[in-house]
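Peer 1: predicted model and sequence below, questions to follow.
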Amino acid sequence: MNRVIIIGGNGSGKSTFARQLAAMTKLPLVHLDRLLWHGHWQTRSREEFDTLLQAELEKDTWIIDGNYNRTIPYRLSYCDTVFYFDFSTLRCLWGVTWRVLTNLGRVRDDMGGDCRERFDLSFYKSILGFNKAHRERYHSLLEQAAQDGTTVVIFHNRRQVKRYLNTLR
């Protein structure tokens with residue numbers, strides 16, 4: 001495990017897992033949100049983001065946390081391991097709500113720029129439609145990645161995540 005991507009629904013715990021995995025494996029951690037966001041909720045251009053992402057992908061070791069759906073197939077071609085948080089919509093809604101309540105007004109360490117945690121109704125709406133919009137495609141991409149030799153780990157709940165991390169201790 002040298003090049004790892006972590007994908008899944010917002011609020012599923014990807015970033016928390018990424019931090020824990022990085023601490024255990026000593027692999028450098030890259031949060032895609034840190035590459036995308038700058039200033040006050042301003043995004044970098046697609047070209048600038050892609051350049052920053054490519055620079056990370058060319059490194060020998062990394063953990064990359066985040067979805068950014070258009071880049072998943074490309075990142076899969078570089079990684080040797082992928083973790084997919086295939087959680088229920090309710091679980092993700094609770095995770096985001098907890099994150100907002102505990103970080104309101106503060107900039108999280110996995111965010112770029114001056115992006116202070118806030119309640120965002122459109123973000124909640126995207127969570128409501130995430131599984132319907134992406135689950136089938138993610139499973140298809142991961143099935144192909146596994147056939148190509150990539151290690152694929154799918155978590156369906158936090159208990160499975162905890163058990164996995166305990167095997168690394």
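Peer 2: Yes, it's here. Computed from a predicted model, the values in this text were never measured in an experiment.
Peer 1: nearest spatial neighbour of the spatially most central residue of the chain, skipping sequence neighbours?
Peer 2: Central residue of the chain (Cα atoms, centre = their mean): Gly66, 2.5 Å from the mean position. Distances taken as Cβ to Cβ, 6 or more residues apart in numbering place Leu32 nearest to Gly66, at 3.0 Å, with adjacent residues excluded. In this view, the C-beta of every residue, glycine as well, is placed from N, C-alpha and C.
Peer 1: pLDDT score assigned to that neighbour?
Peer 2: Looking at Leu32, its pLDDT stands at 97.
Peer 1: what's the neighbour count on it?
Peer 2: 25 (other Cβ atoms under 10 Å).
Peer 1: OK, contacts around it?
Peer 2: Leu32 sits next to Leu53, Ile64, Asp65, Gly66, Asn67, Tyr68, Thr71 when contact means Cβ atoms under 8 Å, 6 or more residues apart in numbering.
Peer 1: tell me if I'm right that the first one and Thr71 touch.
Peer 2: In this case it means Leu53. Yes. Using Cβ atoms under 8 Å, Leu53 is in contact with Thr71, at 6.4 Å.
Peer 1: compare the two (neighbour count), which wins?
Peer 2: The neighbour comparison of Leu53 against Thr71 (other Cβ under 10 Å) goes to Leu53, with 21 against 18.
Peer 1: let me see the contact set for that one.
Peer 2: Here Leu53 is in contact with Leu32, Leu35, Thr71, Arg75 (Cβ under 8 Å, 6+ apart).
Peer 1: just these now: which is nearest Leu121?
Peer 2: Using Cβ to Cβ, Leu32 comes nearest to Leu121 of the contacts of Leu53, at 22.6 Å.
Peer 1: mind checking how far the closest one is from Leu52?
Peer 2: 9 Å (Cβ to Cβ, to the nearest Å).
Peer 1: which neighbouring elements make contact with the longest helix seen in the chain?
Peer 2: The longest helix of the chain (DSSP state H) is helix 121-147. If you count contacts as 3 or more Cβ pairs under 8 Å, 6 or more residues apart in numbering; DSSP states H and E, helix 121-147 packs onto helix 72-76, strand 81-85, helix 89-103, strand 151-155.
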